[in-house]
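Peer 1: Let me see the structure of the following:
(one chain, ligands or ions: 1)
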Amino acid sequence: MTIGRFAPSPTGPLHLGSLVAAVGSWLSARSDGGQWLVRMEDLDTPRVVPGSADEILRALERYALTWDGEVVYQSQRIPLYEAALHELRSKNRVFDCACSRADVGEEAIYPGTCRNGIPFGRVPRAVRFRGNDEVDDFVVKRADGIFAYQLAVVVDDAAQGVTQVVRGADLLSSTPRQIALQHALGYPTPEYIHLPLVLGPDGKKLGKRDGALPLPSLDDAHVRETLRAALQFLGIDVAIGPPAEMLRQALPIAAERRHQSVSSRA
Ligand SMILES: [Zn+2]
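Peer 2: Below you'll find the predicted structure:
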């Protein structure tokens, strides 16, 4: 059975880009008779905005994007990430790193300074995955003690039995890192589907960080219009109506798409 998920960061209200990811993953799982889980990626506590997790859940309800089981909060799962880090350490798949951001440079690939031990007189700050040909030595635990997105996501997807990840193409570069972690931890790799990004009028990606437009409001008319826009972005045209009805109409179209893409892959 397909188990999909939507994993927003509660750093602000839902915006159109994240709604498209939610609708895309919901349709993909539901059109296959599968489950759809919601997980709040609230580990990056300095960026979490109080109240926005509830706000996102209310929005999902308004859009009739029903989920299965309890909503999972990463902030309540730290022991799981500790255990995974411990396992990676015992397999020598991680190393301590003493480098500051200035040492590494903002965009540069990590030069491997601490791969074989921390330079004399320096103190460990972050923990990095020991990369290989496919991936760099990316951070799995940050200098501020917060578990990095990559590690938490991989642990949670495995723990929740997620078989399919549908998300925005902005996360494409994370996928090889997550697969490398899955291999190192002996986890299965889910299917990854990356959706095109919703771009703003300036051609840039819509995202909370760059001041993206949050969804205007949750009143009926706006919700219907916005859901139609999200579906159209996914190439699905349905008559406007109550959100549950619009999604119901979209399901067979999504199922047909899935069959086409499966047969074109075969
Ligand atoms: Zn280092």
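Peer 1: Show me what from the stretch 1-150 of the chain comes close to the ion.
Peer 2: Contact residues, the stretch 1-150 of the chain versus the ion (Cβ under 5 Å from the ion): 97, 99, 113-114. From N, CA and C alone the C-beta is placed, and that goes for glycine too.
Peer 1: Of all pairs in these, which one spans the longest distance?
Peer 2: 97 and 113 (7.4 Å; Cβ to Cβ).
Peer 1: circling back to that earlier point, any chance of the residues of the stretch 1-150 of the chain next to the ion in a markdown table, plus pLDDT?
Peer 2: As requested, these are exported to a markdown table (pLDDT from 0 to 100):
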| residue | pLDDT |
| --- | --- |
| 97 | 96 |
| 99 | 93 |
| 113 | 92 |
| 114 | 96 |
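Peer 1: Same list, those residues, but as CSV with secondary structure, distance to residue 142 and neighbour count please.
Peer 2: Compiled in CSV, these are given as follows (DSSP: H, G, I helix; E, B strand; the rest coil; distance: Cβ to Cβ, whole Å; neighbours: other Cβ atoms under 10 Å):
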residue, secondary structure, distance to residue 142, neighbour count
97, strand, 10, 24
99, coil, 12, 19
113, coil, 17, 16
114, coil, 15, 21
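Peer 1: Looking at those, spot the one nearest residue 32.
Peer 2: Distance to residue 32, by Cβ to Cβ, is smallest for residue 97 among these, at 41.3 Å.
Peer 1: Was I right to think the closest one contacts residue 129?
Peer 2: No: at 10.4 Å, residue 97 does not count as touching residue 129 under the criterion of Cβ atoms under 8 Å.
Peer 1: just for the stretch 151-266 of the chain, where's the confidence low?
Peer 2: Low-confidence segments of the stretch 151-266 of the chain, defined by pLDDT under 70, are located at 200-216, 262-266.
Peer 1: That one: helices as residue ranges?
Peer 2: Remark: helices of the stretch 151-266 of the chain, listed N- to C-terminal, are 174-185, 220-233, 243-265; assignment by DSSP state H, counting those that start in this stretch.
Peer 1: got a list of contacts for the shortest one?
Peer 2: With Cβ atoms under 8 Å, 6 or more residues apart in numbering as the contact definition, helix 174-185 has outside contacts at 84, 87-88, 91, 93, 129, 131-132, 134-136, 138, 140, 149-151, 153-155, 157-158, 187-189, 192, 194.
Peer 1: from those, which ones fall inside strands?
Peer 2: Among the contacts of helix 174-185, the subset assigned to strands under DSSP state E consists of 129, 140, 192, 194.
Peer 1: Turn these into TSV, columns for neighbour count and distance to residue 35.
Peer 2: Output for the ones in strands among the contacts of helix 174-185, formatted as TSV (neighbours: other Cβ atoms under 10 Å; distance: Cβ to Cβ, whole Å):
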residue	neighbour count	distance to residue 35
129	23	30
140	25	28
192	15	18
194	16	21
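Peer 1: just those now: which is nearest residue 168?
Peer 2: When those are ranked by distance to residue 168 (Cβ to Cβ), residue 194 comes first, at 6.9 Å.
Peer 1: and the closest one, what are its bridge partners?
Peer 2: For residue 194, the residues forming beta bridges with it (DSSP bridges) are residue 167.
Peer 1: Tell me how many other residues surround residue 252.
Peer 2: One way to gauge burial is a neighbour count; for residue 252, by other Cβ atoms under 10 Å, it gives 10.
Peer 1: Please report how far it lies from residue 31.
Peer 2: Remark: distance between residue 252 and residue 31 (Cβ to Cβ, to the nearest Å) = 7 Å.
Peer 1: List phi and psi for the residue nearest to residue 111 when sequence neighbours are not counted.
Peer 2: With Cβ to Cβ, 6 or more residues apart in numbering as the criterion, residue 111 has its nearest non-adjacent residue at 7.3 Å, and that residue is residue 104. With angles defined as degrees, to the nearest 10, residue 104 sits at phi -90, psi -30.
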